[in-house]
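Engineer: coords please:
(2 chains)
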Number of protein chains: 2
Amino acid sequence: MKHKIALIGCGTVGQGFLDILDKKAGELKNKFGFEAKVVAISDKLKGSLLVPKGIDIKKVLGLLGQGKNLADYAPEKARQGAALDPLEMIERCDADIIAELTYTDIKTAEPATSYIKKALQTGKHVVTSNKGPAALHYPELRDLAKKKKVHFRIEGTVMSGTPVFTLAESGFAGNTVKEVKGILNGTTNFILSKMELDDMDYREALALAQKLGYAEADPTADVEGFDALAKIVILSNVILEGNIRPSDAKREGITGISRDMVLAAKQEGFRYKLIAQTKKEGGKITAAVSPQKLPLSDPLAGVMGAQNALTFDLDLLGKVTIQGPGAGKTETGHAILQDMLAIHRDLS
Amino acid sequence: MKHKIALIGCGTVGQGFLDILDKKAGELKNKFGFEAKVVAISDKLKGSLLVPKGIDIKKVLGLLGQGKNLADYAPEKARQGAALDPLEMIERCDADIIAELTYTDIKTAEPATSYIKKALQTGKHVVTSNKGPAALHYPELRDLAKKKKVHFRIEGTVMSGTPVFTLAESGFAGNTVKEVKGILNGTTNFILSKMELDDMDYREALALAQKLGYAEADPTADVEGFDALAKIVILSNVILEGNIRPSDAKREGITGISRDMVLAAKQEGFRYKLIAQTKKEGGKITAAVSPQKLPLSDPLAGVMGAQNALTFDLDLLGKVTIQGPGAGKTETGHAILQDMLAIHRDLS
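Structural biologist: Model prediction:
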């Protein structure tokens, strides 16, 4: 089956996905019968391109790698779509699947939510790694997708390409999930690891994380727990089938954790982790993000550096933990492919 | 969709599966549209039963719980199939799916392999938790299933219901798996954990494992690494698409590991684990089971007691580890259900 794909947003994740699609094309066709052509790309900074017969991925990646605009892809006359805004592009392009890969705005979830709605309303499947729409509007978007008989898939929103939603959907099918608990922010886990293992204070560890590109210049979203909060809200609404908003969950970051606290915990055989957790009891969801002292025997205590991990508490299987990457160009690019392969399996 | 199921073997796993099927019937129907009736059960010790209109699961579980024979299910005249051997039962019963749940014979893989072949040849899907056929004949049985256009699924053979094959098949789709490495035998992991944490010597720890039911009276299959070997051969042939036999892999158990070695490793910041690993390089599989000293930073080092875990090394995602139960009545029963739900998804 040949899928027609449009990318709305073509930054790190978009380019990571295109790179995989290019390198793995032969393997994906032989192994899964999955073929894809990219018919449109729209990026706020890099311009737009509409090529119904299929875009040359290598050429696009080459241009973007040199910092050029998509306008350089073809001479003006041969180029289409340069004047289309993303909403027009989504409506007019002939894609079956829209990959919504614009930046995350966790307060408004825009413009991504408008893009996703437009795509679903025009009968296109949507895959996204954007936490905004997933955290603020999942139930509404899921219902719209159901009504339009298309997929709305979000594997990349939590733990990048580590397949948490696929695992819950396929591997745990038949279980009731009682609780989900984990380390969902690599930046804070890196900082806490450095404070304990390399005896740094919070400021030093943060500065190192910023230097290595793990933390933003303004680290608030990570260190105050907003990023982990968005993810635990997504897990609450997708896996526990809840309908909560970020304001329904308690949130505490790691800025109150001192080196002395970390070292004292270590002496007692414990380790501080920023834990996001959610559980459902009597139909009610309780979700929170907070620093917790875990015993070293907890599978989450051993998760060091920028890794992420989630423990599921299941009625039939008991506790199952998955640990893997929580970010990265190729890792999140793979999440997009994974969602497309899930759509492909369903349609094949 | 309503599936007709036959159980060949109805010991711990079979009864665990029936119990789940009974308790979750409503939920499975509402959530997945999965309905099932059990039309036949054949067990070497407990007798046979053929009921085309569907067996009353509660009644069967009640009888078996009281140590009674399946002959007590219905008066002689109403009973069918009592005289059928398993091969006849597989051929004659009207099941779509055969759950092969007889005992594991890791040397001959019989009679399970004959049962599975008969089922596949007569066009029935097969799910099994039996390590014998999966370790000795996977490529042949997979090809037969493909030829007959039916499923042959084996989730329960490695890590019971912890969904390793489902994860690899769906969650990692698109990745090349470079290496699989893990702790696949709960008994030896329990013994090594006790030696380190409770300062026991090997004999004491083994005796405790036997007392708690984790180890057999003859513990050879576990402590000499045969059980882990069968599982790593299965992973080699299924996930790395190899075609190796147990005799192709090196095997060393834990009987050479003394308390002194365990404690010396601990002092150096290491921990002994019985590690099963397999990798593919240049088309060639190298698989082995051996005790290894892991640094405590390895996700596998933190896996204590009877838990199991596997680390996958993937070209796109890097390292992803899954940790969960490795045995248990409900856990392995769930593996059987999981495989049936995968068949159901494919047919729906």
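Engineer: CA atoms for contacts and neighbours, from now on please.
Structural biologist: Fine.
Engineer: tell me what A:Leu274 is bridged to.
Structural biologist: With DSSP bridges as the criterion, A:Leu274 is bridged to A:Pro291.
Engineer: for it, the count of nearby residues, please.
Structural biologist: Counted by other CA atoms under 10 Å in any protein chain shown, the residues lying close to A:Leu274 total 25.
Engineer: what's the pLDDT at it?
Structural biologist: As predicted, A:Leu274 sits at a pLDDT of 98.
Engineer: in this structure it contacts A:Phe190, no?
Structural biologist: No. Using CA atoms under 8 Å, A:Leu274 makes no contact with A:Phe190, being 10.6 Å away.
Engineer: burial of the residue of the stretch 1-150 of chain A found nearest chain B, as a residue count?
Structural biologist: Closest to chain B within the stretch 1-150 of chain A is A:Leu28: 6.6 Å, counting by CA to the nearest CA. If you count neighbours by other CA under 10 Å, A:Leu28 ends up with 18.
Engineer: show me the contacts for it.
Structural biologist: Counting by CA atoms under 8 Å, 6 or more residues apart in numbering or on different chains, A:Leu28 makes contact with A:Phe34, A:Glu35, B:Gly174.
Engineer: where's the nearest residue to A:Ala327 once chain neighbours are set aside, which helix or strand?
Structural biologist: With CA to CA, 6 or more residues apart in numbering or on different chains as the criterion, A:Ala327 has its nearest non-adjacent residue at 5.1 Å, and that residue is A:Ser160. Assignment of secondary structure by DSSP states H and E places A:Ser160 within no helix or strand.
Engineer: state the distance from A:Ser160 to B:Lys178.
Structural biologist: Counting by CA to CA, to the nearest Å, the gap from A:Ser160 to B:Lys178 is 20 Å.
Engineer: with neighbour numbers in mind, choose between these two.
Structural biologist: Between A:Ser160 and B:Lys178, counting by other CA under 10 Å, A:Ser160 is the more crowded of the two (28 against 17).
Engineer: could you say what helices and strands the lowest-mean-pLDDT helix or strand in chain A packs with?
Structural biologist: Here the helix or strand of chain A ranked lowest by mean pLDDT, DSSP states H and E is strand A:47-50, holding a mean of 90. With contacts taken as 3 or more CA pairs under 8 Å, 6 or more residues apart in numbering or on different chains; DSSP states H and E, strand A:47-50 sits against strand A:35-43.
Engineer: ok, the strand it packs on: who's next to it in the sheet?
Structural biologist: strand A:2-8 (parallel), strand A:47-50 (antiparallel).
Engineer: thinking again about what came up before, what about the residue of the stretch 1-150 of chain A closest to chain B, which SS state?
Structural biologist: The three-state label given to A:Leu28 by DSSP: H, G, I helix; E, B strand; the rest coil is helix.
Engineer: same check, this time on the one 3 residues further on
Structural biologist: Here A:Lys31 is recorded as helix under three-state DSSP.
Engineer: what's the answer for A:Thr278, then?
Structural biologist: Following three-state DSSP, we place A:Thr278 in the strand state.
Engineer: hang on, it packs against A:Ser236?
Structural biologist: Yes. Counting by CA under 8 Å, A:Thr278 touches A:Ser236, with 6.2 Å between them.
Engineer: ranges for the helices of the stretch 51-200 of chain A?
Structural biologist: For the stretch 51-200 of chain A, helices defined by DSSP state H, counting those that start in this stretch occupy the ranges A:57-65, A:86-92, A:112-121, A:131-147, A:164-166, A:186-197.
Engineer: which of those sits closest to B:Ala287?
Structural biologist: helix A:164-166 (28.1 Å; CA to CA).
Engineer: please save the CA atoms from the strand or helix carrying A:Met340 in PDB.
Structural biologist: Secondary structure assignment for A:Met340, by DSSP H and E: helix A:329-347. Only the C-alpha atoms of helix A:329-347 are listed here, as PDB (Å, rounded to 0.1, in the frame of the first residue of the first chain):
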ATOM      1  CA  LYS A 329      15.900  13.500  16.300                       C
ATOM      2  CA  THR A 330      16.000   9.900  15.100                       C
ATOM      3  CA  GLU A 331      14.100   8.500  18.200                       C
ATOM      4  CA  THR A 332      11.100  10.900  17.700                       C
ATOM      5  CA  GLY A 333      11.300  10.500  13.900                       C
ATOM      6  CA  HIS A 334      10.900   6.800  14.500                       C
ATOM      7  CA  ALA A 335       7.800   7.500  16.600                       C
ATOM      8  CA  ILE A 336       6.200   9.100  13.600                       C
ATOM      9  CA  LEU A 337       7.100   6.100  11.400                       C
ATOM     10  CA  GLN A 338       5.800   3.700  14.100                       C
ATOM     11  CA  ASP A 339       2.400   5.500  14.100                       C
ATOM     12  CA  MET A 340       2.300   5.300  10.300                       C
ATOM     13  CA  LEU A 341       3.100   1.600  10.300                       C
ATOM     14  CA  ALA A 342       0.300   1.100  12.800                       C
ATOM     15  CA  ILE A 343      -2.100   2.900  10.400                       C
ATOM     16  CA  HIS A 344      -0.700   0.800   7.600                       C
ATOM     17  CA  ARG A 345      -1.300  -2.500   9.500                       C
ATOM     18  CA  ASP A 346      -4.900  -1.400  10.300                       C
ATOM     19  CA  LEU A 347      -5.600  -0.600   6.600                       C
END
